[in-house]
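**Student:** give me the fold of what follows.
(one chain, ligands or ions: 2)
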Amino acid sequence: MHHRSRTTQGDTLTDTAATLFIDGSWEPAASGAVRQIRNPADGELVATVSEAGREDAERAIAAARTAFDSGVWYSVPAPERGAFLLRVAAELRNRREKFARAESLDTGKRIIESRIDMDDIAACFEYFGRLAGQQSGRVVDAGNPVVISRIVHEPVGVCGLITPWNYPLLQAAWKIAPALAAGCTFVLKPSELSPSTAILTMQLLQDLGLPDGVANLVTGPGAEAGAPLSEHPDVDLVSFTGGLETGKRIAAAAAGTVKKVALELGGKNPNVVFADADFDSAVDNALNGAFVHSGQVCSAGARLVVEESIAERFVDELVRRAQDIRIGGPFDEAAETGPLISAAHREKVSTYVQRGVEEGARLRCGGAAPEGEKYDAGFYYQPTILDRVQRGMSVVVDEAFGPVVTVETFRTEEEAVATANDTIYGLAGAVWTQDAGKAQRVANRLRHGTVWINDYHPYLPQAEWGGFGQSGVGRELGPTGLAEYQEAKHIYQNITPQVTGWFADHGKEN
Ligand SMILES: NC(=O)c1ccc[n+]([C@@H]2O[C@H](COP(=O)([O-])OP(=O)(O)OC[C@H]3O[C@@H](n4cnc5c(N)ncnc54)[C@H](O)[C@@H]3O)[C@@H](O)[C@H]2O)c1
Ligand SMILES: C[N+](C)(C)CC=O
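**Tutor:** Ligands and ions are numbered 1, 2, ... in the order given. Next up is the predicted model:
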């Protein structure tokens, strides 16, 4: 990946893979190792980046610790930190096309989706920029007129931020923006598969004059470059977005130093359709919910839970529409969805589908890579629908994280709720009905962090995002998303100090 060299603005781009950003300096990995990033749509080489190891991560942590302890960032008044975030948002909008192209090249995501992501990222920085300026403490009534008691919010400290490949910069922004708003310093470890927009973001922060050491980046694999962020005593909080098994490892590693842990994990999200739903909108959104970004979305509507009386007609229509979805690379204007991230991931998705069929599910469409020369060099997989599934089948239980939807049916509202909640996860779900009362009743009973009624997928920077159950711990976005990066401190002042008399002064008695 091209990069700028140390600190000054406007340096010429160089060709060395020095993509670690540590204490305001662009550096190669200590080992000298590099990784080639290839576009999953066609295998094209898009970047060569430094492959950080443990030693590099520890240097980055040390830089973030020194910067935090110096107060160079948290002593900046909160409204000024907020104003900085607003400048980040404006500059992201200026650089939108460059960032969107980099995101699409790393992930194979359609360029139109990457542009939308960049807009959402700018909106996230704007939201936390405004929120930072509105921060205030709280005066507490201590019930004693000679006591002044108040709550202040302080930055939690050094944050380790670990992010996945499916929305590389969006997931990082949901952490970077509140961390900076709160006054924290951080080390970001993006997915080793999609580091490019993280590198561009560090360049942007550097260009805007963020003090050295506040933002640090290590590009490299999780076990080496990521693990120190959860283990190291100098990291105060680790915020992770990714898969359930990695999340468990990170939580266990973080326990050794009792650091704060925030986990945004996977989902197996139910899309509940009642017979009285607007049929066309529900079918269209079921398609969108399951197959956008080839289903590589944590909140994908991978479980269609449909009322039995309309199930046959609904699924027939969904199959017809799914078979029609146009697949192609990120810059193919006719394409409606793209490839999976890697050969290994496609193999995992394919195995889930095969196992589902072996366990008795009926394959209604998809179940294989599309045929044709243009697909040969990419990791494509057809939109896939399985019906006649049983609760308990692995394809119904486990997150496939691909373009795979299973169909379950129900007869009563009670059964719909029970089926939708029958998962260890609890990230998101939707309810489709034109009965407002039923919509609210079901939404209230779904054990999921986001519930859409007659819609699928929207998220807002001002609304908390996160999971019930094993979908995670904590919340991103909204006021809670900022609070994750803060410690609440109670300051209690007695303005007329007095002897308590609790312990007698025995010396005085004698
Ligand atoms: N809840 C959400 O908001 C949300 C959003 C996006 C993605 N996700 C989830 O992310 C998953 C897909 O992403 P992925 O395949 O990149 O996940 P992953 O768990 O494989 O990797 C995520 C990140 O963790 C790093 N990592 C791996 N092992 C590590 C270790 N031992 N210590 C520290 N870091 C380590 C990886 O290098 C990567 O940066 C899916 O399960 C998806 O549902 C959740
Ligand atoms: C959180 N979200 C929906 C943007 C991406 C999940 O993979």
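**Student:** who are the packing partners of the helix of greatest length in the chain?
**Tutor:** In the chain, assigned by DSSP state H, the helix with the most residues is helix 111-133. With contacts taken as 3 or more C-beta pairs under 8 Å, 6 or more residues apart in numbering; DSSP states H and E, helix 111-133 sits against helix 78-94, helix 96-107, helix 168-182, helix 478-483. Any C-beta I mention is one placed from the backbone N, CA and C, and that applies to glycine too.
**Student:** just put those helices in CSV and tack on mean neighbour count, distance to ligand 1 and mean pLDDT.
**Tutor:** Compiled in CSV, the helices and strands packed on helix 111-133 are given as follows (neighbours: other C-beta atoms under 10 Å; distance: least, C-beta to the nearest ligand atom, whole Å; pLDDT from 0 to 100):
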stretch, mean neighbour count, distance to ligand 1, mean pLDDT
helix 78-94, 18, 20, 98
helix 96-107, 23, 11, 98
helix 168-182, 27, 5, 98
helix 478-483, 19, 11, 98
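**Student:** make JSON lines from these and add distance to V261 to it.
**Tutor:** Formatted as JSON lines, those follow (distance: least, C-beta to C-beta, whole Å):
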{"stretch": "helix 78-94", "distance to V261": "24"}
{"stretch": "helix 96-107", "distance to V261": "26"}
{"stretch": "helix 168-182", "distance to V261": "13"}
{"stretch": "helix 478-483", "distance to V261": "15"}
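**Student:** of those, which is nearest ligand 2?
**Tutor:** Proximity to ligand 2 (C-beta to the nearest ligand atom) singles out helix 168-182 among the helices and strands packed on helix 111-133, at 5.4 Å.
**Student:** close to ligand 2, is that closest one?
**Tutor:** Yes: Helix 168-182 lies within reach of ligand 2 by C-beta under 6 Å from any ligand atom, at L170.
**Student:** next one: stretch 191-201
**Tutor:** No: between stretch 191-201 and ligand 2, judged by C-beta under 6 Å from any ligand atom, nothing touches; the nearest distance is 12.0 Å.
**Student:** residues making contact with that stretch?
**Tutor:** By C-beta atoms under 8 Å, 6 or more residues apart in numbering, the surrounding residues in contact with stretch 191-201 are 1, 3, 19, 21, 35, 37, 46-47, 49, 51, 95, 98-99, 102-103, 105-107, 163-165, 168-169, 172-173, 176, 188, 190, 217, 219-222, 225, 242, 341-342.
**Student:** for G481, see how far away K175 is.
**Tutor:** Applying C-beta to C-beta, to the nearest Å, the value for K175 to G481 is 9 Å.
**Student:** now do I495
**Tutor:** For I495 relative to G481 (C-beta to C-beta), the value is 36 Å.
**Student:** over to L20?
**Tutor:** L20 is 27 Å from G481, where distance means C-beta to C-beta.
**Student:** please give me every residue in contact with the residue in the stretch 51-200 of the chain positioned nearest to ligand 1.
**Tutor:** Distances between the stretch 51-200 of the chain and ligand 1 by C-beta to the nearest ligand atom are smallest at P164, namely 3.0 Å. The contact partners of P164, taken as C-beta under 8 Å, 6+ apart, are Q171, S191, T241, G242, G243.
**Student:** now the longest helix of the chain, how far from the centre of its chain.
**Tutor:** Averaging C-alpha positions (C-alpha atoms, centre = their mean, to the nearest Å) puts helix 111-133 13 Å from its chain's average.
**Student:** any idea how far the helix or strand just after it is from the middle of the chain?
**Tutor:** Once the chain leaves helix 111-133, the next helix or strand it forms, by DSSP states H and E, is strand 138-140. Relative to the centre of its chain, strand 138-140 is centred 33 Å away, using C-alpha atoms, centre = their mean.
**Student:** following strand 138-140, which helix or strand comes up?
**Tutor:** Scanning forward in sequence from strand 138-140 by DSSP H and E, the next helix or strand is strand 147-155.
**Student:** just checking, what packs against that following strand?
**Tutor:** The contact analysis (3+ C-beta pairs under 8 Å, 6+ apart) places strand 147-155 against strand 138-140, strand 486-494.
**Student:** which of those sits closest to I112?
**Tutor:** Nearest to I112, of all the helices and strands packed on strand 147-155, is strand 486-494, at 36.0 Å by C-beta to C-beta.
**Student:** hmm, who's touching the helix or strand following the closest one?
**Tutor:** Beyond strand 486-494 on the C-terminal side, the first helix or strand identified by DSSP H and E is helix 506-509. Counting by C-beta under 8 Å, 6+ apart, helix 506-509 makes contact with no residue outside itself.
**Student:** ligand 1 contacts on the stretch 201-350 of the chain?
**Tutor:** Checking the stretch 201-350 of the chain against ligand 1 by C-beta under 6 Å from any ligand atom, the hits are 221-223, 226-227, 230, 241-243, 246, 249-250, 264-267, 298.
**Student:** what about the residues you listed, which are in helices?
**Tutor:** Using DSSP H, the subset of those located in helices is A227, S230, T246, R249, I250.
**Student:** look up how far M393 lies from E103.
**Tutor:** For E103 relative to M393 (C-beta to C-beta), the value is 34 Å.
**Student:** hang on, the earlier thing: out of the helices and strands packed on strand 147-155, which comes closest to ligand 2?
**Tutor:** In terms of C-beta to the nearest ligand atom, the element of the helices and strands packed on strand 147-155 nearest to ligand 2 is strand 486-494, at 21.9 Å.
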